[in-house]
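K.L.:
fold the following, please.
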Amino acid sequence: MAVTFTRDATKELRERLQKALRDALGYLEGKLIITDPYDRTKLLVDLACTENGNNQDEVKLRLQLALLDFDLASISTIHGFCQQVLNRFSFETGLPFDLEPTTDSSEEIENLCRDWWRQNFYTTDNNLAVFLGKDKLFTLHALIRLTDKLISKPDAKLSQPLPSHFS
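P.N.:
Next up, the predicted model:
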């Protein structure tokens with residue numbers, strides 16, 4: 001398993017690992033000549049052979065199988081890995097089986113803000129809504145912008161707690 005930050009890094013890592021396996025197999029089969037005694041491929045193949053009782057056929061077979069099954073290797077971005085875990089353990093997490101990841105949650109944020117606005121500003125028994133409603137600058141669009149900013153900084157802390165009559 002390997003996890004990277006970007007799709008480009010994932011692609012590059014996948015290509016480099018596949019090339020390393022092909023080079024190792026080529027070296028063992030005599031198709032790749034390595035003269036540098038400190039070459040990484042040579043050192044790793046020699047170590048693998050030593051660890052397997054100098055059984056080059058066993059090491060070749062393992063390299064061939066690794067190349068054949070390379071598509072099964074778990075090499076992904078952090079988001080991709082998290083998606084795999086959520087899919088694999090969807091029952092345990094209580095999430096829907098067909099959950100689709102998103103990198104743009106602006107539509108969901110806007111819908112949630114609209115729902116909150118309707119539930120709190122169209123009633124007269126909410127102290128916080130009454131207080132905020134007095135400020136003509138506090139609009140639905142201001143709430144959406146504020147929510148976007150707060151979500152982008154999940155570790156942000158309130159400088160002062162809200163007064164108890166607002167909770």
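K.L.:
contacts, neighbours, all on C-alpha from now
P.N.:
OK.
K.L.:
okay, domains of the protein per the record?
P.N.:
The record, using automatic domain parsing to delimit domains, assigns the chain the ranges 2-76, 106-158.
K.L.:
weakest of those domains by average pLDDT?
P.N.:
Of all the domains of the chain, the minimum mean pLDDT falls on domain 106-158 (a mean of 80).
K.L.:
what ranges does this structure have for its strands?
P.N.:
In the chain, the strands defined using DSSP state E lie at 2-4, 75-77.
K.L.:
comparing the domains of the chain, which comes out most buried?
P.N.:
domain 2-76 (a mean of 15; mean count of other C-alpha atoms under 10 Å).
K.L.:
quick check: phi and psi at Thr139.
P.N.:
Per-residue torsions, Thr139: phi -120, psi 170 (degrees, to the nearest 10).
K.L.:
look up how far Lys149 lies from the closest residue to Thr147 other than its chain neighbours.
P.N.:
Distances taken as C-alpha to C-alpha, 6 or more residues apart in numbering put Ile109 closest to Thr147, at 7.4 Å, once the chain neighbours are dropped. Distance, Ile109 to Lys149, using C-alpha to C-alpha, to the nearest Å: 11 Å.
K.L.:
check contacts around Lys60.
P.N.:
Lys60 sits next to Leu25, Leu28, Glu29 when contact means C-alpha atoms under 8 Å, 6 or more residues apart in numbering.
K.L.:
no further queries at this time; thank you.
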